[in-house]
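Chemist: got a predicted model here, sequence first, then my questions.
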Amino acid sequence: MAKLDEDKKGTKTSKKCSKTSENAQKQKKYRVDIRMPHGKRISKVFYRKYDADQFRAKMLVERQRIIDTGVNIDGEITFKKFAEMWLREHVIGRKAEKTIRGYKSNFKMYILPVLGEVKLKHINYHHAKKLESYVLKQGKKNRTVNKVMMVLKTVINEAVKLDYLVRSPIRGFKELKEDPSQLEYWSKEEIKQFIDKNQNNPLLDFYQMTLNTGLRLGEICGLCWDRVDFNGGFISINRSLTREGLRNTTKTHKGRYIPMNDKVRAILENRLKTRNSQFVFSTPSGEALPYSHINQRHFKKAQRVAGLSKIIRFHDLRHTFASHFMMNGGNLYTLQKLLGHSDIKTTMIYAHLDKDFMIEAANVVSF
């Protein structure tokens, strides 16, 4: 008898569940269908009129905001999608190719593996610390970490400018302390040894020109005769040769004038007699010197020929010019103009000089 009651009870329950299911299917639905100003259609179904009204009101406010401000903010956009959009619409074509490659490399290697799928609106200080730790775990130095974090800050600041964020959530994020970099430059004896042992080197004029002007590699490779003024005694620097070709600008996007000393004038006058190209320094066929080959293929080989124990980079010839300029009585503000630095802080690295000069300076004050 007890078993029969259980069966009847179970049957009644089953009928009740079936009835509830049928009622749910017959339940009234409320659809919200709104066309946004940018053309996107938003459609959603609710089972409560209250929920539908709330959603409709929210979408109408958002639609009006877009109409009033002209800004369409995708609140669900991920960091990866925003970074891709920013590169495509606000960086490519406006920044140098080297800068763009740097952004892409930092995104691919460090930033996107950590933050790529995080919604832009959710990024906070914790995410920045997580990224910092990730780069450190790759065995990178503090300088590299700071560069990666600067790229992240740049993207976040751009999101603020474009109204995707109200304010930067990582504003005030501190950089790691970097080890002081060693400034490499040649002594007068090393310069003389290099020049004496490379008298037959076809690029000797190129190297001496750099030592006497402090020009960047791209600036001297891109130097053309129309920028050399023998009457005025100066060189106009407003072009640069890169891996992508000749650009009518410099690294800092500012032109400058470099006065010729006697050695520079002699080099230029001699080369003018045998010029075969628009470029001051060119290949035998008149093409620009191969920008990417100078340091590894030619300059290092010339140093080994000279028997130098200290092998430096080509860019260190610029440091050599600047260091000797200061040691011979030059001042930082003039040097800033000659090197084309935008900020005097960059030029300040030459304020410390070689040991012999510092010893002499120490005797200026003696009680």
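Modeler: Yep, that arrived. Residues are numbered from 1 along each chain as shown.

Chemist: which elements pack onto the strand or helix carrying residue 209?
Modeler: Residue 209 is part of helix 204-213 when elements are defined by DSSP states H and E. Packed against helix 204-213, as judged by 3 or more CB pairs under 8 Å, 6 or more residues apart in numbering; DSSP states H and E, are the following elements: helix 188-197, helix 217-221, helix 262-273, helix 315-327. Any C-beta I mention is one placed from the backbone N, CA and C, and that applies to glycine too.

Chemist: turn these into TSV, including distance to residue 288, mean neighbour count and mean pLDDT.
Modeler: Formatted as TSV, the helices and strands packed on helix 204-213 follow (distance: least, CB to CB, whole Å; neighbours: other CB atoms under 10 Å; pLDDT from 0 to 100):
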stretch	distance to residue 288	mean neighbour count	mean pLDDT
helix 188-197	24	15	96
helix 217-221	6	23	93
helix 262-273	14	14	95
helix 315-327	19	20	93
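
Chemist: for those helices, which one sits closest to residue 161?
Modeler: helix 217-221 (29.8 Å; CB to CB).

Chemist: what's the first helix or strand after that closest one?
Modeler: Proceeding N to C from helix 217-221, the next assigned helix or strand is strand 228-229, under DSSP H and E.

Chemist: check the secondary structure at residue 44 for me.
Modeler: On the three-state scheme (DSSP: H, G, I helix; E, B strand; the rest coil), residue 44 is labelled strand.

Chemist: what about the closest residue to it other than its chain neighbours, neighbour count?
Modeler: Using CB to CB, 6 or more residues apart in numbering and skipping the chain neighbours, the partner closest in space to residue 44 is residue 32 (5.2 Å). Neighbour count for residue 32, taken as other CB atoms under 10 Å: 19.

Chemist: so which residues of the stretch 251-367 of the chain form helices?
Modeler: Using DSSP state H, counting those that start in this stretch, the helices of the stretch 251-367 of the chain run over 262-273, 300-306, 315-327, 332-339, 344-347, 355-362.

Chemist: show residues contacting the helix holding residue 209.
Modeler: Contact with helix 204-213 is made by 191, 194-195, 198, 201, 215, 217, 220, 235, 258, 261, 263-264, 267, 270-271, 281, 289, 294, 299, 302, 314, 317-318, 320-321, 338, as judged by CB atoms under 8 Å, 6 or more residues apart in numbering.

Chemist: repeat that for stretch 262-269.
Modeler: Outside stretch 262-269, the residues within contact range by CB under 8 Å, 6+ apart are 205, 208-209, 212-213, 228, 230, 233, 235, 260, 280.

Chemist: now a PyMOL select for only the buried ones of those residues.
Modeler: Applying 16 or more other CB atoms under 10 Å to the contacts of stretch 262-269, the buried members can be selected in PyMOL as follows:
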select buried, resi 205+208+209+212+213+228+235+260+280
